[in-house]
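1. build me a model from this:
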Amino acid sequence: MRVLKSFQREEVSDAVMAKFAMVAPVIEATLHSVAMDRIDRLGGYPSWTLHDLAREFREGFGDAGICFELAVHEAIAGRNSLIWPLASEVLEDFCGISGGADSILFGPEKEGRIPILESIQDSLTDDSRVYVGNRGQPPKLKRYIPQIFRAFHRNEERNNLPRSINGLWKADLFIGNPSVDRWVGTTVKVKPGALESAQGLRVGIYPKANAADIPRVDDRLNLIRLPLPYDSAFMELFYKSFNLMRAFLRCDARVPPPVDLPDAEDRFIVRELEIRRGFPILDVLTAIRNMSQWTLLDSDSIESLPPTASLSEEEGLTDSPEIFVDSDPISISPAAISE
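-> Purely as a prediction, here's the structure:
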């Protein structure tokens, strides 16, 4: 397994750079939404170009939600000023978790496309606890990860989980703080009305509905609502970046006509993407993340490390597996510097 660690050093300082930072997770989520048989037919993720993505991608109603999940995760993990302070404040005020927010990407449906297992293994310890809002000792999260994965696929497995977390298979993220080793199951929805209750989920992240929609406890859903604002804020940046990429892909990975993208900054971004349409997407992602602000990240050298975990129904989550399965996992977000 090849690992590249990047640490954020400063805040995003320019609108174009901020949009480049948002376009990256939108491209990545779009790539991972393509059916695996089509990915494999063209040689796997490392062989895919932006031109391949434009030819193979089919727009769907759930595309914005997939991209939104990854964008929220990267923004919290990367301490983006449009969302990180708000997420940190909600965690401290409503969950008693101090020290600033961090994010672990979850969602068993993503495994096989994104290295979810590696992310969980690297981020959790044996003492990591998931706070569910009930009295009593919070469950230790890591020991239940194999069961949570199985519960996503089989109804009968859900009954084997403790009642307080038997709906945690619906989590999209775990947000919390690694220093205090406390986390909360988080659902991320691109439509406010799509929030739903489940045992173990504690926080719901979604676009702000109106001025009265503020962080609060929703007793009906048993969720802490964390609405993201629009005006010159996270949601506006997300949707501009999302629509920019859709227009670019519809035009076969070329600059769309001005009626689709009238803003000069949007056209500058897609021109930079067009000249890279024949390059591997994984390389393009690295390039545009660097373009988002060249001083934003402090990156270590790439290290080759053996996998540290395996997941199977027989062995569960194993820290030191004897047999490794060949894989080519990729990092999907920078790690924020701890205070």
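2. any weak-confidence spans in the stretch 201-339 of the chain?
-> Applying pLDDT under 70 to the stretch 201-339 of the chain flags residues 232, 293-339.
3. if you could redo that for the stretch 51-200 of the chain, that was the one I meant.
-> For the stretch 51-200 of the chain, the ranges with pLDDT under 70 are 60-62, 108-118.
4. where do the helices sit along it?
-> Ranges of helices within the stretch 51-200 of the chain are 63-77, 84-95, 116-123, 145-153, 155-158, based on DSSP state H, counting those that start in this stretch.
5. list the contacts of the most centrally placed residue in the chain.
-> By Cα atoms, centre = their mean, the chain has its centre lying nearest to residue 70, at 2.9 Å. Taking Cβ atoms under 8 Å, 6 or more residues apart in numbering, we find residue 70 in contact with 25-26, 28-29, 105, 332. Bear in mind the C-beta positions are built from the backbone N, C-alpha and C, glycine included.
6. those residues: which two are farthest apart?
-> Longest distance between any two of the contacts of residue 70 is 15.0 Å, between 26 and 105; criterion Cβ to Cβ.
7. ok, residue 56 - how many residues close by?
-> Residue neighbour count, defined by other Cβ atoms under 10 Å, stands at 16 for residue 56.
8. correct me, but it touches residue 31?
-> No: taking contacts as Cβ atoms under 8 Å, residue 56 lies outside contact range of residue 31: 9.6 Å.
9. nearest to residue 247, of the contacts of residue 70?
-> Nearest to residue 247 among those, with distances taken as Cβ to Cβ, is residue 26, at 11.9 Å.
10. you'd agree that closest one is up against residue 72?
-> No: the criterion here is Cβ under 8 Å, and residue 26 misses it with residue 72 at 11.8 Å.
11. what about the strands in the stretch 101-250 of the chain?
-> 102-105, 129-130, 173-177, 182-188, 201-207, 216-218, 223-228 (DSSP state E, counting those that start in this stretch).
12. show me the contacts for the closest residue to residue 89 other than its chain neighbours.
-> With Cβ to Cβ, 6 or more residues apart in numbering as the criterion, residue 89 has its nearest non-adjacent residue at 7.5 Å, and that residue is residue 215. By Cβ under 8 Å, 6+ apart, the contact list for residue 215 reads 86, 89-90, 93-94, 224-227.
13. what segments of the stretch 201-339 of the chain are helices?
-> Taking DSSP H, counting those that start in this stretch as the test, the helices found in the stretch 201-339 of the chain are 234-250, 264-274, 281-291.
14. kindly reformat those as a markdown table containing mean neighbour count and distance to residue 41.
-> Below are these laid out as a markdown table (neighbours: other Cβ atoms under 10 Å; distance: least, Cβ to Cβ, whole Å):
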| stretch | mean neighbour count | distance to residue 41 |
| --- | --- | --- |
| helix 234-250 | 21 | 19 |
| helix 264-274 | 18 | 23 |
| helix 281-291 | 18 | 15 |
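15. could the ones you listed go into JSON lines alongside distance to residue 189?
-> Listed next are the helices of the stretch 201-339 of the chain as JSON lines, based on distance: least, Cβ to Cβ, whole Å:
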{"stretch": "helix 234-250", "distance to residue 189": "12"}
{"stretch": "helix 264-274", "distance to residue 189": "26"}
{"stretch": "helix 281-291", "distance to residue 189": "25"}
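16. quick one: closest of those to residue 206.
-> Nearest to residue 206 among these is helix 234-250 (9.4 Å), distances taken as Cβ to Cβ.
17. burial count for residue 146?
-> Residues lying near residue 146 (other Cβ under 10 Å) number 18.
18. re earlier: what about residue 26 and residue 72, which has more around it?
-> The neighbour comparison of residue 26 against residue 72 (other Cβ under 10 Å) goes to residue 72, with 28 against 23.
19. if we ignore the residues flanking it in sequence, what's nearest that one?
-> residue 188 (5.3 Å).
20. what about that neighbour, distance to residue 67?
-> According to Cβ to Cβ, to the nearest Å, residue 188 stands 11 Å off from residue 67.
21. ok, residue 102 next?
-> To residue 67, residue 102 is 21 Å away according to Cβ to Cβ.
22. next: residue 46.
-> Counting by Cβ to Cβ, the gap from residue 46 to residue 67 is 21 Å.
23. the two: which has the busier surroundings?
-> More crowded of residue 46 and residue 67, by other Cβ under 10 Å: residue 67, with 26 against 11.
24. circling back: what is the burial count for the residue nearest to residue 72?
-> Residue 188: 25 surrounding residues under other Cβ under 10 Å.
25. try residue 69
-> Here the number of neighbours of residue 69 (other Cβ under 10 Å) works out to 24.
26. that older thread, the contacts of residue 215: which two are farthest apart?
-> Farthest-apart pair in the contacts of residue 215 is 93 and 227; separation 14.4 Å (Cβ to Cβ).
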